[in-house]
Every structure is written in structure tokens, then in C-alpha cells.
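Novice: Generate coordinates for the sequence data below:
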Amino acid sequence: MQCAMLAQQSFAGSTLYIVGLPIGNAADITLRALWLLDACDVIACEDTRQTRKLLDRYGISTPTMSVHEHNEHAAAQKLIDVLAQGKRVALVTDAGTPAVSDPGAKAVKLVREAGFAVSPVPGPSAVIAALSASGLQSYSFTFAGFVPPNAKARGEALKKLASREEAFVLYEAPHRLRELLVDLSRALEGDRLVVVARELTKKFESLSAMPAEELAQWAQNHEPRGEYVIAVDMRQHKESGLSERDRAWLDVLAKELPPSRAAAAAARVTGLKRDEIYRYIQKSEC
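Specialist: Purely as a prediction, here's the structure:
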């Protein structure tokens, strides 16, 4: 433990520590997180039962309290009362980092507004884990988390994400995975690469890469189980095959007709595929 510089670690009082926990494999917890969880005065948990399993594994007996999406505002006041006594509080979620697609953001905001320090103790990230093993061109990306469960709102959100140039990452629960992948296949160009990552860092971890046009069939052939991260590659720039003169008159035509009719008319004139022209029109409208 000497080589890990435990003696040089310092955890100030009257501070709320945001502690990242493993996303699946309990061995991924950091040394600093273990030291902090053992040294703090109370651990605020999304589910005290789940956190206690991890604490027991490492022999940590620190008291816990519940802070979840249904009591976050009231629980934040309890955290503030503890911090006012000069004590150290750790905020954790069941897996990953609090306040990022998980409860905690309200509590953090209220604690900061009350004048107390908030300090991050980083841990594993499902987003970064998925991207690192995906092979996608994720030089820049959007983390979208969970898209709306409502079909119409979900479709609109996916269409907006698909129209952008950068890669993007989604989370989804197993009971909504098939609907998400079907809608995603409709929103993306057919050859855009997608990686479906399941149960990252766990025993049945898998990462499946495929073009968007295969997503719906993949969803039908696989029984959704566990938690999913879906990573979509950057949008590729392609030449439409239209000459500069063709693009000029097509841009005018697209303003006068619905995209589908404009694409059909242009296909008859140019001999190019309707779908290719339709994609050009959609991209021009973005």
C-alpha cells in the first residue's frame, strides 16, 4: 500500500465527494474510492442494499443513507446538515457516477448553493468503455444517454442525433432495446456503423458491430438482457454523384416540392438512385 501513496491522500471535511463505482466488475473500483468510502462519515446511496454488497466485499462499515430520484430534494438537506458539522459525505449510485444519467444532480446543485465543496472521485464509465473497444472514429462525440421512451419523441430525438456529424452514444434498458434499434435503423444512413455493447465488464460482456441497416434484424435475433450502450460512428462525407449544375436546380426544386417528390423527379432526370438524391436533399436541409 506504500507504493500507492495512501499517506499522501487527503480528504477535507465539509465536503461532498462524488464517487464513481464499478459498472459491473467489482474489481474495477479505484484505490482512492476505497480509501474515501472507508474514511468518510456517511455514504449517500441510490440503493443502500446494492451499495452495502460492495462495501461488505471490501470490509467497509461506513453508515449509509438513501438518496434517490424520489427523495433527492429532501435528502439533500440532510446531506447539508451533515456537512455543516464538518463531516465528509460520499455520494454514490448503484453503478457508475452519480448525476450522469443517474440521480445526484439535484443534490450536488443544492449542496453547492449551500456553500459546501463538492469534489469528484472518478471511476469507470460505460460511455468511455464502450467507445474504447468499439473501433469507431469517436474523436468528438455526443453523449445522449437515455432517449425518450415515447415512440414519437424517441424518433425525433434519434433523427436529430443522426443528422449531426459526430459520433454519439446512447444508453438503453433491455425492455426497450428492440424498439430503439428499429427506430435507430430508420434514422441512420444504412451503412453508418453502430456498435451494440452489452453488460460491459461483466461475465457475459459482448460488443457487436454492424451497419445500421442490420440493426432491426439483429434486434429480432437477440433476446435483450442486461444493460446496453449503443455507440454510433461519425457520419461519413459522401459525394452524391450529382453535378454542380444538378445540385443547383435540385436545391431550388426541393424548396417547391416535398423531399420525396423532388427526389423522385430528379432521379428520372439524372438516372441516379432516388434514395441517394433523397439523402442529399435531407442533408442540405439540416
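
Novice: only C-alpha atoms for contact and neighbour calcs from this point on.
Specialist: Noted.

Novice: Count the residues that sit near Lys53.
Specialist: 11 (other Cα atoms under 10 Å).

Novice: Phi, psi for it please.
Specialist: With angles defined as degrees, to the nearest 10, Lys53 sits at phi -60, psi -40.

Novice: Please point out which parts of stretch 145-164 sit buried.
Specialist: Neighbour-count burial for stretch 145-164, with 16 or more other Cα atoms under 10 Å as criterion, is recorded at 145, 147, 154-155, 157-159, 161-163.

Novice: ends of that stretch, how far apart?
Specialist: Between the start and the finish of stretch 145-164 there is a gap of 16 Å, counting by Cα to Cα, to the nearest Å.

Novice: Secondary structure element holding the nearest residue to Val147 once chain neighbours are set aside?
Specialist: Counting by Cα to Cα, 6 or more residues apart in numbering, Val147 lies nearest to Arg154, which is 5.8 Å off, once chain neighbours are set aside. Assigned by DSSP states H and E, Arg154 belongs to helix 151-162.

Novice: got the contact list for that helix?
Specialist: Counting contacts by Cα atoms under 8 Å, 6 or more residues apart in numbering, the residues outside helix 151-162 that touch it are 147-148, 168, 180, 183-184, 187-188, 235.

Novice: Check stretch 51-68 too.
Specialist: Stretch 51-68 is contacted by residues 26, 34, 37-48, 75-76, 93-94, 103-104 when judged by Cα under 8 Å, 6+ apart.

Novice: Measure how far it is from the centre of its chain, please.
Specialist: On the basis of Cα atoms, centre = their mean, to the nearest Å, stretch 51-68 is displaced by 25 Å from the centre of the chain it belongs to.

Novice: and the contacts of helix 151-162, which are buried?
Specialist: Members of the contacts of helix 151-162 classed as buried by 16+ other Cα under 10 Å are 147, 168, 180, 183-184, 187-188, 235.

Novice: Tell me which of the residues you listed fall in helices.
Specialist: 180, 183-184, 187 (DSSP state H).

Novice: which one among these gets closest to Glu199?
Specialist: Ranked by distance to Glu199 (Cα to Cα), these are led by Leu180 at 17.2 Å.

Novice: Report the separation between that closest one and Val100.
Specialist: As it turns out, when the distance is counted by Cα to Cα, Leu180 lies 20 Å from Val100.

Novice: Buried residues of stretch 200-217, list them for me.
Specialist: By neighbour count on 16+ other Cα under 10 Å, the buried set for stretch 200-217 is 200-201, 207, 209-216.

Novice: picking up where we left off before, will you turn the buried residues of stretch 145-164 into CSV that also has distance to Ala84 and pLDDT?
Specialist: Converted to CSV, the buried residues of stretch 145-164 look like this (distance: Cα to Cα, whole Å; pLDDT from 0 to 100):
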residue, distance to Ala84, pLDDT
Gly145, 34, 94
Val147, 38, 96
Arg154, 43, 96
Gly155, 46, 94
Ala157, 42, 96
Leu158, 44, 96
Lys159, 47, 93
Leu161, 43, 96
Ala162, 47, 93
Ser163, 48, 87
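
Novice: just the residues you listed now: which is nearest Leu110?
Specialist: Distances from Leu110 to the buried residues of stretch 145-164, taken by Cα to Cα, are shortest for Gly145, at 23.2 Å.

Novice: what kind of secondary structure is the closest one in?
Specialist: Classification of Gly145 by DSSP: H, G, I helix; E, B strand; the rest coil places it in strand.

Novice: Check Ala209 too.
Specialist: Of the three states, Ala209 takes strand under three-state DSSP.

Novice: what kind of secondary structure is the residue lying closest to it once chain neighbours are set aside in?
Specialist: By the measure of Cα to Cα, 6+ apart, the closest residue to Ala209 outside its immediate chain neighbours is Val195, 4.3 Å from it. Each residue gets one of three states, and Val195 gets strand by three-state DSSP.

Novice: if we can go back for a sec, output the buried residues of stretch 200-217 as CSV; include the columns distance to Ala133 and pLDDT.
Specialist: Converted to CSV, those look like this (distance: Cα to Cα, whole Å; pLDDT from 0 to 100):
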residue, distance to Ala133, pLDDT
Leu200, 10, 97
Thr201, 11, 97
Leu207, 8, 97
Ala209, 11, 97
Met210, 14, 97
Pro211, 17, 96
Ala212, 18, 96
Glu213, 21, 94
Glu214, 20, 97
Leu215, 19, 97
Ala216, 22, 94
